[in-house]
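A.B. asks: Pasting a predicted model and its sequence here:
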Amino acid sequence: MFASCADPKALEGLSWLICYLTTGKHMLFYASFGTVLLLMLVTAPVALAFGFGGALSARSSLAPLRWFGKAYTAMVRGVPDIVFFLFVPIAMDQGLEYIRHRMFCPGWTEPVRQGNSFLVCDAAKLPLSSSPQIYHEIYGFTLAVVAFAIVFGAFAANVLYGAMKAVPHAQLETAAAYGMSQRQVTRRVLIPQMWTYAIPGLSNLWMILLKATPLLFLLGVEDIVYWARELGSTKSQIFDYPHPDWRLWYFLALLVFYLGMTKISEIVLARITTRLSRGQATLAGETLRKGADA
């Protein structure tokens, strides 16, 4: 990183530590914190969209759609998360490559699945072998987002479904009596009213998502857990910066990071809860009203 770091073996003390912490791999380690934050910021709205779809489907008057919504929620919630985190990327990757294989290589005569191997032509691979490394990283990250969204979308669907049922039915009946269609009742009354009931559950879901981000390591994404283990493990004299086992200190840094994110999340979520509770006929809303009257 610095010109003075050209010969690591000639460094000592603080100079050695500064040069060690500014190596190329450490820059990737620092950037991986951004990867975790990006995953959360992208996955949260996508999972919420999945949750909305699942909750509205479960409330649908159409039986097939209602069955689909309830089956999606029950199936994902009933299977260990790690199974879906590992299954979804593999299934999507092989499914997309198989479709491309059928489109781009119609003359292929060999079976695609040969024992434990999944073989497609070079033109069907995602991304292509000749693609820059950044495309491979984006593709892997996208598969991870979809896997997280499917899992947490099912939990969000359960939370939103319960919040919709918590909205007083009399309000929905009153809106219908004023001539609103079912779609208008849902959009103008049900969804705005449900948020105050959904926020506690969604807050917990956000915290769980935050704690689940280290699973990126299992999906092949070079996240903070990967780099903490890689950089912290023992380095012998064959490396430029040899050191003993420092994984304790690297994982301690991750501990501080996650505790800091948890505290920030608690502050933001508390403010959102207060904002959405104003004027609502709930315990939180009544507390705010009495506080204002006092």
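C.D. replies: Done, it's in.
A.B. asks: Could you tell me the average pLDDT over stretch 40-59, please?
C.D. replies: Per-residue pLDDT values across stretch 40-59 average out to 91.
A.B. asks: what's that stretch in contact with?
C.D. replies: 65-66, 68-70, 72-73, 145-146, 148-161, 164, 186, 202, 205-206, 209-210, 213 (CB atoms under 8 Å, 6 or more residues apart in numbering). Placement of C-beta: from N, CA and C, glycine included.
A.B. asks: which residues sit against stretch 230-237?
C.D. replies: Against stretch 230-237 from outside (CB under 8 Å, 6+ apart): 25-26, 29, 241-251.
A.B. asks: Now with 7 Å, please.
C.D. replies: Residues from elsewhere that reach stretch 230-237 (CB atoms under 7 Å, 6 or more residues apart in numbering): Lys25, His26, Phe29, Tyr241, Pro242, His243, Pro244, Asp245, Trp246, Arg247, Trp249, Tyr250.
A.B. asks: Those, buried ones only, as a ChimeraX selection?
C.D. replies: Only the buried entries of the contacts of stretch 230-237 go into this ChimeraX selection, using 16 or more other CB atoms under 10 Å:
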select :26,29,241,250
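A.B. asks: show me where pLDDT drops low in the stretch 151-294 of the chain?
C.D. replies: Confidence mapping of the stretch 151-294 of the chain against pLDDT under 70 gives the ranges 277-294.
A.B. asks: repeat that for 80
C.D. replies: For the stretch 151-294 of the chain, applying pLDDT under 80 flags the ranges 217-220, 276-294.
A.B. asks: circling back to that earlier point, quick check: of the contacts of stretch 230-237, which lies closest to Val83?
C.D. replies: If you rank the contacts of stretch 230-237 by distance to Val83 using CB to CB, Arg247 comes first, at 27.6 Å.
A.B. asks: and the residue nearest to Ala156 when sequence neighbours are not counted, how many neighbours?
C.D. replies: Closest residue to Ala156 apart from its sequence neighbours, by CB to CB, 6 or more residues apart in numbering: Gly51 at 2.7 Å. For Gly51, the neighbour count with other CB atoms under 10 Å is 25.
A.B. asks: before we move on, the earlier item: going through the contacts of stretch 40-59, which ones are buried?
C.D. replies: Listed as buried from those are 68-70, 72-73, 145-146, 148-161, 164, 186, 202, 205-206, 209-210, 213; burial here means 16+ other CB under 10 Å.
A.B. asks: follow-up on the earlier one: which of the contacts of stretch 230-237 fall in helices?
C.D. replies: Among these, the residues falling in helices (DSSP state H) are Lys25, His26, Phe29, Arg247, Trp249, Tyr250.
A.B. asks: Who are the contact partners of Trp249?
C.D. replies: Neighbouring residues of Trp249 by CB under 7 Å, 6+ apart: Gly232.
A.B. asks: where's it relative to Gly232, distance?
C.D. replies: Note on Trp249: its distance to Gly232, by CB to CB, to the nearest Å, is 7 Å.
A.B. asks: what do you get for Val83?
C.D. replies: Distance of Val83 to Gly232, given as CB to CB: 29 Å.
A.B. asks: So those two - more neighbours on which side?
C.D. replies: More crowded of Val83 and Gly232, by other CB under 10 Å: Gly232, with 20 against 11.
A.B. asks: Skipping its backbone neighbours, what lies nearest the spatially most central residue of the chain in space?
C.D. replies: Computing the C-alpha centroid of the chain and ranking residues by CA atoms, centre = their mean puts Thr43 first, at 4.0 Å. In this structure, Thr43 finds its nearest non-sequential neighbour in Phe148, 4.5 Å apart by CB to CB, 6+ apart.
A.B. asks: can you tell me how far the one you found sits from Gly54?
C.D. replies: With CB to CB as the criterion, Phe148 and Gly54 are 15 Å apart.
A.B. asks: ok, now His26?
C.D. replies: From His26 across to Gly54, the span is 41 Å (CB to CB).
A.B. asks: Please apply the same query to Ala157.
C.D. replies: Counting by CB to CB - Ala157 and Gly54 are separated by 3 Å.
A.B. asks: what about the helices in the chain?
C.D. replies: Remark: helices assigned in the chain by DSSP H are 13-20, 24-58, 63-78, 81-104, 133-166, 169-177, 182-185, 191-212, 224-232, 247-277, 283-293.
A.B. asks: Redo the ones you listed as CSV? Include distance to Asp122.
C.D. replies: Below are the helices of the chain laid out as CSV (distance: least, CB to CB, whole Å):
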stretch, distance to Asp122
helix 13-20, 41
helix 24-58, 29
helix 63-78, 35
helix 81-104, 9
helix 133-166, 15
helix 169-177, 57
helix 182-185, 49
helix 191-212, 35
helix 224-232, 28
helix 247-277, 39
helix 283-293, 58
